[in-house]
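> Kindly generate the corresponding structure for this input.
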Amino acid sequence: MTSKDQTLATPVLSWTADGAVNRHFQDPYFSRHDGAAESRHVFLEANDLGRRFTDASTFCIGELGFGTGLNFLLSWQLFRRHASSAAQLDYLAIEAAPLTRQQMHTALKPWPELANLQRQLLAAWPQRTPGYHLIEPEAGIRLLLMFGDVLPMLQQCRSQVDAWFFDGFAPQRNPAMWSAPVFEEVARLSATGASFATYTAAGDVRRRLQSLGFLVRKRSGFGPKRDMLCGQVRAAPRTFESSPWFEWPRHQPVSAAVIIGDGLAGACLARVLAERGMEVEILGQANGASHRIPGFLVRSYPERTASHSHRLYRQGFASAQAFYQRYTDESYRPIRIDTDGGPMQGGVLQPAGAIRTLLAHPLIRQRQGELRELKLAQARWQLSTTAGPLQSDCVILCCARVPAGLDPRLHDLSTPCAGQVLQLAGPTAQAYSGRIHGFPLAASTQLGSSYRPGEASLEIRPPENVQLLELAQQTWPASGCSPQSQVLANYTGWRGITPDHLPLIGPCPDLDRWHLDYADLHHGKTRQAYPPASLLPGLWLNLAHGSRGACLAPLAAQLIGAALLGAPLPLPTKLIAALHPGRFTIRSLRRGHPEAECGARNAGPA
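Residues are numbered from 1 along each chain as shown. Below is the predicted model:
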């Protein structure tokens, strides 16, 4: 995170004998009679979670008002006791004013039985910046924290929640959390048969829920509180916030997948799916840049703007740091990076070692071979490969090129951009990222990279070494680089890039249908006039990361993994739309120029 990133204000608390009180709302975070007992009675028991955890392979809880994290810790504890060892718990929580680590630690001291879980939570606690933060304190337990005001956070969310905790401050003190629009969003995000519970029995809240079709009943409250509310949610039709063409498919049970491409993006995705209990077959040739280049620089991009790109890569970097440190042993090391905008956090990843570690999972099977053709036949994908035929209901492309057999227009969604890096004798004292990227390896320095837009040639070109060294001498004088520096080795690779320098992540559009369904977009009709997107069933794209794949590969994997397994998507809908593989088609149709729907060949360096 750079100094320009916004950090949320720290809540002001009063510490009384009864616990923490938020001074802004003048309301305690939990009952003075025993907060844990209150949470178990109001949220866990009223939602019948013990029984439901026993029967579920996956379960999703949504909480409005994360507070001290007590409800999450108790749910995690209960899930451990009742769910099977292979079960998965997703927990999404919205909090406008997240506590600091120290505040949470102090507030949770009265319950030493939760100390171990609390330590794991606080070790993974994210920076307190607005937006989405996905953490995994334990295998099978994922917490999606959404820091911001409740309604806009819900409006940008996609999930299928099984049980809700309405745990904001009292309705008379915090009315925004108990409004009809909030509960409308709750209905949209609920799975069939979803339940809810809340400590309040306020008549306004009860009538509001009933007016929206919720089945509401009163239950005995905790301690001196006579009543509380609980019941069932009326699930509403799910709609995408942005536009129907960017709608992702509704969740269908998937138990196995084939991934094409065994580079870093494919390896991260394979591990995410395997950790969620899916069988994965990954096809690759082990000769891509991820297997040959000694190191990748991991950092956020760019650091100066408040664009989609800034928010995406800021979240991507946070996810990448946690993911690599969790799953790649010593292949990742945090470092400080000097940039033209000032120092920032970063890391160096040894990709070949990271890939080996990521793919070392009993549910992942590796095949060495090349994909020749991919086609849909009898509702299944048929793959012709040099390692033999394959078939699957779910295929994810993490490869350099879109394979033969698919719409030729898909091949043009990205364009190749080759380049080379060089390894210099002697390590530098620091890392730098600007017009040149350089960082220390064990006993050398890696410097790069050149860009050859529109080229996929991997030939080594000595003149590019001179150009890189001269550029390093100009922009990074502290490195001591010069055209006379000793070059130990050269490495080449190529990346796919797009006109907006954002990757292609999401379901694969059926472009023939898109050109029919959305042909008159340029007439300016409202989105309600158009049908949902037609998609090629079970086909997903995770392509064109440019030179930023090391930063975004883990978050891209978590996004696709969540979609395949019906978990909350770890990105807001506006960012999901910004990554959609069909975005260039929609832009061209809006302009009335469908024949120029990509324009990727005009893209510059990424």
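> Please look at C394 and L536 and confirm they touch.
No: using C-beta atoms under 8 Å, C394 is not in contact with L536; the gap is 11.4 Å. Where you see a C-beta, it was placed from the backbone N, CA and C, and this is true even at glycine.
> so what's Y324 up against?
Contact analysis of Y324 by C-beta atoms under 8 Å, 6 or more residues apart in numbering lists V298, S331, Y332, G347, L349, A354, P554.
> can you confirm it is in a helix?
Yes: assessed with DSSP: H, G, I helix; E, B strand; the rest coil, Y324 lies in a helix.
> Quick check: which ranges of the stretch 201-350 of the chain have low pLDDT?
Across the stretch 201-350 of the chain, the ranges flagged by pLDDT under 70 are 237-242, 303-306.
> which stretches of the stretch 501-606 of the chain form helices?
Here the stretch 501-606 of the chain has its helices, by DSSP state H, counting those that start in this stretch, at 511-517, 549-565, 573-579, 583-590.
> Just name the most buried of those helices.
helix 549-565 (a mean of 26; mean count of other C-beta atoms under 10 Å).
> who's the nearest residue to A567 once chain neighbours are set aside bridged to?
Distance criterion C-beta to C-beta, 6 or more residues apart in numbering; nearest residue to A567, sequence neighbours excluded, is D90 at 4.5 Å. With DSSP bridges as the criterion, D90 is bridged to C60, R142.
> number of nearby residues for D90?
When counting by other C-beta atoms under 10 Å, one arrives at 26 neighbours for D90.
> what's near enough to touch it?
By C-beta under 8 Å, 6+ apart, the contact list for D90 reads T58, F59, C60, I61, R142, L144, S159, A562, A567, P568.
> switch the cut-off to 6 Å
C60, R142, A567, P568 (C-beta atoms under 6 Å, 6 or more residues apart in numbering).
> just checking, which of the contacts of Y324 belong to strands?
Per DSSP state E, strands hold the following members of the contacts of Y324: V298, Y332, G347, L349.
> Let's see stretch 376-391 as CSV, backbone CA atoms only.
The C-alpha atoms that make up stretch 376-391 are tabulated as CSV, following Å, rounded to 0.1, in the frame of the first residue of the first chain:
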residue,chain,number,x,y,z
LEU,A,376,-18.1,-28.7,-27.5
ALA,A,377,-19.9,-32.0,-28.3
GLN,A,378,-22.9,-33.4,-26.5
ALA,A,379,-22.8,-30.8,-23.8
ARG,A,380,-19.2,-31.7,-22.9
TRP,A,381,-15.8,-30.2,-23.9
GLN,A,382,-13.7,-32.5,-26.0
LEU,A,383,-10.0,-31.8,-25.9
SER,A,384,-7.5,-33.2,-28.4
THR,A,385,-4.0,-33.1,-26.9
THR,A,386,-0.6,-34.5,-27.7
ALA,A,387,-1.0,-36.4,-24.4
GLY,A,388,-4.2,-38.1,-25.5
PRO,A,389,-7.9,-37.1,-25.5
LEU,A,390,-9.7,-35.5,-22.6
GLN,A,391,-13.2,-34.4,-21.9
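> if we can go back for a sec, out of the contacts of Y324, who's nearest H82?
Nearest to H82 among the contacts of Y324: P554, at 29.9 Å, using C-beta to C-beta.
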